[in-house]
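**Student:** Below are the sequence and a predicted model; questions follow.
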Amino acid sequence: EYLSSGKPTVAFLLDGMPKCYQDFLYVVDPNRDISCAISDALKAAISAPKKEIEKRHTKFLQYAAKNLLASAIAEKIIKMNCTRVVQQYVTTASNGGLKTEYKALSSRETLSDHFEFVPVVLNNCHCGISLSDIRFYRRAIRKVDPDIVHIRGAGMESLNAVLGAKLSGRGKILVTVHGMFSDLVYYSPIKRWVCRHVVEPMIFGLSDGISCVYEQASQRDVFRRYKKKMLPFVYNRMPKYPNCSEEEKRALRMELNLPENARIGIYVGRVTKEKGLSYLVDALKQLDESWPPELCLLIVGNGDYLQEMQSECAALRHAKRVIFAGQQEQIQKYLNASDFFLSPSLHENLSISILEACAAKLPCLVTDVGGNGEIIESGKNGLMIAASSTDALASGLRKMSDDKCRAEIKRRAEQVDYSKFSD
C-alpha cells in the first residue's frame, strides 16, 4: 500500500518477498552493520531524484498489474491512482441541482474508475462574504488534499469557496457555471452590478478553468476576457427513466391523490418569481373565465414566492385546479403521473428539471431562455414561448390542454435524439 502511494519506501528485503521488490524499495542490507545499513538506505531514499522515484513507482505499478493482489489492496491502489476531486456541496432546503449533480458524478462508472469524488459539505451557508465559510473551505480542502476543487456556480457562496480553495493551496480550481446572480431579474440593480463587476470577475479570475453547461453560455461576452481558461462546455446529464404505462399512471394518480381524468401540467423547481411563476399566475387569471376542460396544474417545490402564489391562486374560480405538492424527493412519480411539463422561467442555464421531464417522455412548454433551446425543439418535443409573456403562457397552456396537439408532440418526440445528454 505504501509503495502504491509513489513515495520512497525503505524496508528490509525479507525471506518470502519477491526479489523484484528491490526494484521498488530502498533495501536495507542485512549483511552489514544494521545502523549503517539503515542510515545508508534512508539517505538514498531522501536524496533520490524525482525521476528515479517515478521510475521505481512505475515499475511497482507494472508489477502490481501483472500479479494477483488481495482485492482490498488492489482497490486501494486503484483509488490512490485516481484523480481526487473535491465537490463543493452546500446544503439547502432542496439541494436542487447540487444534489442531482453530485449523485450523477459519483454514480457514473465511466468517471469513478478515474476520479474519486469527495463532497465538502457546508451547512448553514452565510450570505455575502463570510470569513467563517472561507475558513471552513480552506480547512476542509487542505484535509482532503485534492487534485481538483470543483466549484459550482458563480454566486457569493461560490466566491467564498474559491477564496477558501485558493488559500488552501491544494489542487486546481474548476468553476462550472450553472447560473450567475447578475442574471437575476428580481435582484436589486446595485446587487446585480456588484455581482457582474466584482464577484464574478473574482471567481473567474482566481479559477484555473471555467466550464459551462450549454453551448451558447460559453460564447457569452462575460467570458471573452477568460478565453484561455475556458474549457469545453459539458451538458447536464439526463436521467434514464423506464416507460410508464397508462395503468401505472392511473395507479400513481391514486397514490398521490391527483384527479384521475385531468390533463395535468406539472412544474418542478424553486417557487420564486425568477422562475416566471408570477407570469403563470397572471396567465391563470386570464384563463379563469374560460378554463380549458380538465386542465389541472401541479406545482412541486418550495420557495419564497410559495405563500403569495398560493394566496393568489386561492382567489381563482378554478382554485381547486391548482395543486401545490410542496417539496418532494420522488420527482419521477409526479412526472409519470402528469401529461405535460411547464417551465415559465425568466432565465436558465441548462435546466435539470426539463431534462428530467424529457426523460419521463413529457411534452414540454418552456420559455425561450438560456439552454432551453438546446433541449427543446418547438413543435417536436415541446413548445417554446417568449419569456415574461402572460399571453404566450395562456396560449401555450390551452395548446397543451388539447389532447390532439399534445399527442402529436409526443409522437414527434419519439424521434428526438437525447444522446448528447447521456454518458
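**Tutor:** That came through fine. Residues are numbered from 1 along each chain as shown.

**Student:** okay, CA-based contacts and neighbour counts for the rest of this
**Tutor:** Fine.

**Student:** can you give me the helices in the stretch 251-400 of the chain?
**Tutor:** For the stretch 251-400 of the chain, helices defined by DSSP state H, counting those that start in this stretch occupy the ranges 277-287, 306-314, 331-336, 352-359, 390-401.

**Student:** Minimum distance to S422: which of these has it?
**Tutor:** Taking CA to CA, helix 352-359 is the member of the helices of the stretch 251-400 of the chain nearest to S422, at 10.5 Å.

**Student:** for that closest one, the distance to its chain's centre please.
**Tutor:** 13 Å (CA atoms, centre = their mean, to the nearest Å).

**Student:** for stretch 286-306, same thing?
**Tutor:** Centroid displacement of stretch 286-306 relative to its chain, using CA atoms, centre = their mean, is 28 Å.

**Student:** So for it, mean pLDDT?
**Tutor:** When pLDDT is averaged along stretch 286-306, the result is 95.

**Student:** Same question for stretch 365-378.
**Tutor:** 95.

**Student:** Same question for stretch 170-180.
**Tutor:** Averaging pLDDT along stretch 170-180 gives 91.

**Student:** What are the contacting residues of it?
**Tutor:** 141-142, 145-155, 162, 165-166, 200, 203-204, 206-213, 348-350 (CA atoms under 8 Å, 6 or more residues apart in numbering).

**Student:** ok so, going back, which of the helices of the stretch 251-400 of the chain sits closest to V121?
**Tutor:** Closest among the helices of the stretch 251-400 of the chain, once you apply CA to CA, is helix 352-359, at 21.2 Å.

**Student:** Quickly find the element holding K191.
**Tutor:** Using DSSP states H and E, K191 sits in helix 189-194.

**Student:** Flag the shaky bits of the stretch 301-423 of the chain, pLDDT-wise.
**Tutor:** The model of the stretch 301-423 of the chain has pLDDT under 70 over residues 423.

**Student:** in it, which spans are strands?
**Tutor:** For the stretch 301-423 of the chain, applying DSSP state E, counting those that start in this stretch gives strands covering 322-326, 340-343, 364-367, 382-385.

**Student:** Kindly reformat the ones you listed as a markdown table containing distance to I409 and mean neighbour count.
**Tutor:** Compiled in a markdown table, the strands of the stretch 301-423 of the chain are given as follows (distance: least, CA to CA, whole Å; neighbours: other CA atoms under 10 Å):
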| stretch | distance to I409 | mean neighbour count |
| --- | --- | --- |
| strand 322-326 | 24 | 17 |
| strand 340-343 | 10 | 27 |
| strand 364-367 | 9 | 27 |
| strand 382-385 | 6 | 22 |
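
**Student:** Could you export those strands to JSON lines, including columns for distance to K229?
**Tutor:** Below are these laid out as JSON lines (distance: least, CA to CA, whole Å):
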{"stretch": "strand 322-326", "distance to K229": "40"}
{"stretch": "strand 340-343", "distance to K229": "32"}
{"stretch": "strand 364-367", "distance to K229": "31"}
{"stretch": "strand 382-385", "distance to K229": "33"}
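
**Student:** Which of these sits closest to R263?
**Tutor:** The closest of the strands of the stretch 301-423 of the chain to R263 is strand 340-343. By CA to CA, the value is 8.1 Å.

**Student:** Dump the closest one to PDB, restricted to CA.
**Tutor:** Provided in PDB are the C-alpha atoms of strand 340-343 (Å, rounded to 0.1, in the frame of the first residue of the first chain):
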ATOM      1  CA  PHE A 340     -47.100  17.800 -19.800                       C
ATOM      2  CA  PHE A 341     -44.300  19.800 -18.200                       C
ATOM      3  CA  LEU A 342     -44.200  23.600 -17.700                       C
ATOM      4  CA  SER A 343     -41.200  25.900 -17.200                       C
END
